[in-house]
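Asker: Following is a predicted model, sequence given first.
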Amino acid sequence: MKKILIIVLSLLLLPSYSYAGKWHTNMKKQEKKDFANYVLRAQSKNKMVFTIRNVPKRPGLIKFFDKVEDHMGVAEKGIEFNLTYSDIGHKEDWKRWGKPGHAQRYQIMEPYKHTTKKGKTKWYRVGYFLPKDVTTPKHNLSLFDFKMLYGKGEKTVGPSFNYSNSSFIWIFNTPNYVVERIKGDDSYYFDSYVVDLDHNYSPLKGKWVNILINAKWAKDGFLHLWIDGKLRSSYFGDMMAGATSARFKFGPYRNHMDDATDAGLKINDAIIRYSNVGKADSCDELWNGCDEITGQLKNQSQVHGAINVAFCRPFPNKPAQCKGLGYRKGSPAPF
């Protein structure tokens, strides 16, 4: 288990860089209409854009569908992404560390004017379907994430939900970080909490999975995660680390693929479907049965259905140091 966690952390706990360039391209009229009809809900409707670093569009890369059932007979309408290794990513992704084949993505995100400003509380929902045969040996697939903005510029990744080295990982930062100057850019090394989610507690692929998040983006903030109506992670603490707003993104983002190819592994297609994705001021705008959802909360941090929970501190030019937080299956433990 320790070896698996070390591999996962090597994929996730890397410095984040500030970036001052253009962040997005706008959707065309028909694209905006399709996303509003098939995918986006509540405040996200007609208010999201494409990330500037997306791979070029091609036939079959994305498609909207009216009804797709999983093995349990649950049907949704939404969008399907099909990333192949031949989809050459943006140069800042594909050759991030100087060698080709590092990362690729097709993400939908909030433009600056629709990000959530410091002090606000929001609810988020993401429905996804990841086929059983999709694996991520020695690389990472981010299903959705948040970016922390300082002014209009992104400085670091915020909370993110990942399928990393074929493990499902929920990771989020503490307010503590160090900065190192590398090649003229500031690199930010954040201490992080890493929750290795137990797929046996509740299946996380091969079926429609519905995630609900409640976040207060403030120094006296909180971050709660439910999966299929069950509370899995609840944290109280500083969610901003001096940031001024939080940006929500979803869509497949694969990185560290070069680690896999260097090991002689083949990068298979990443097929993932999304449905019912949105942001709102209240739970009721996104979910039925919110009293049951909020009734699971306590006035303290807790974790349920995890294999391991760790606190990790990354360092420039050397491996991160991590320690387990004493989590035991069936016994909630605060961060």
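Answerer: Thanks, I have the structure now.

Asker: Okay, Arg313 and Arg125: tell me how far apart.
Answerer: As judged by Cβ to Cβ, to the nearest Å, Arg313 and Arg125 stand 32 Å apart. C-beta: built from backbone N, CA, C; applies to glycine.

Asker: Those two: which is more packed in?
Answerer: Arg125 (22 against 17; other Cβ atoms under 10 Å).

Asker: From Ile293, how far out is the more buried one?
Answerer: Taking Cβ to Cβ, one finds Arg125 at 11 Å from Ile293.

Asker: same thing with Ala246?
Answerer: Taking Cβ to Cβ, one finds Ala246 at 21 Å from Ile293.

Asker: Also Trp123?
Answerer: Applying Cβ to Cβ to Trp123 and Ile293 gives a distance of 10 Å.

Asker: and if you look at Tyr235?
Answerer: Taken as Cβ to Cβ, the span from Tyr235 to Ile293 is 16 Å.

Asker: Just want to know which of those two has more residues nearby.
Answerer: Tyr235 (23 against 20).

Asker: how about that one, what does it touch?
Answerer: Phe172, Tyr193, Phe222, Leu223, His224, Ser301, Phe335 (Cβ atoms under 8 Å, 6 or more residues apart in numbering).

Asker: Then Ser166?
Answerer: Taking Cβ under 8 Å, 6+ apart, one finds Thr135, Thr136, Pro137 in contact with Ser166.

Asker: Kindly write the PyMOL command that selects the buried subset of the residues you listed.
Answerer: Here is the PyMOL command that picks out the buried ones among these, judged by 16 or more other Cβ atoms under 10 Å:
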select buried, resi 136
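
Asker: Can you report how many residues lie near Gly60?
Answerer: With other Cβ under 10 Å as criterion, Gly60 counts 9.

Asker: ignore the last one, Asn176
Answerer: Asn176 has 12 nearby residues by other Cβ under 10 Å.

Asker: That one is in contact with Asp191, isn't it?
Answerer: Yes - contact criterion Cβ atoms under 8 Å: Asn176 and Asp191 qualify, at 4.5 Å.

Asker: Once you drop chain neighbours, what's closest to Asn82?
Answerer: The shortest distance from Asn82 to any non-neighbouring residue, by Cβ to Cβ, 6 or more residues apart in numbering, is to Ile271 (5.1 Å).

Asker: So the one you found sits against Pro131, correct?
Answerer: Yes - proximity of Ile271 to Pro131 meets the contact threshold set by Cβ under 8 Å, at 5.7 Å.
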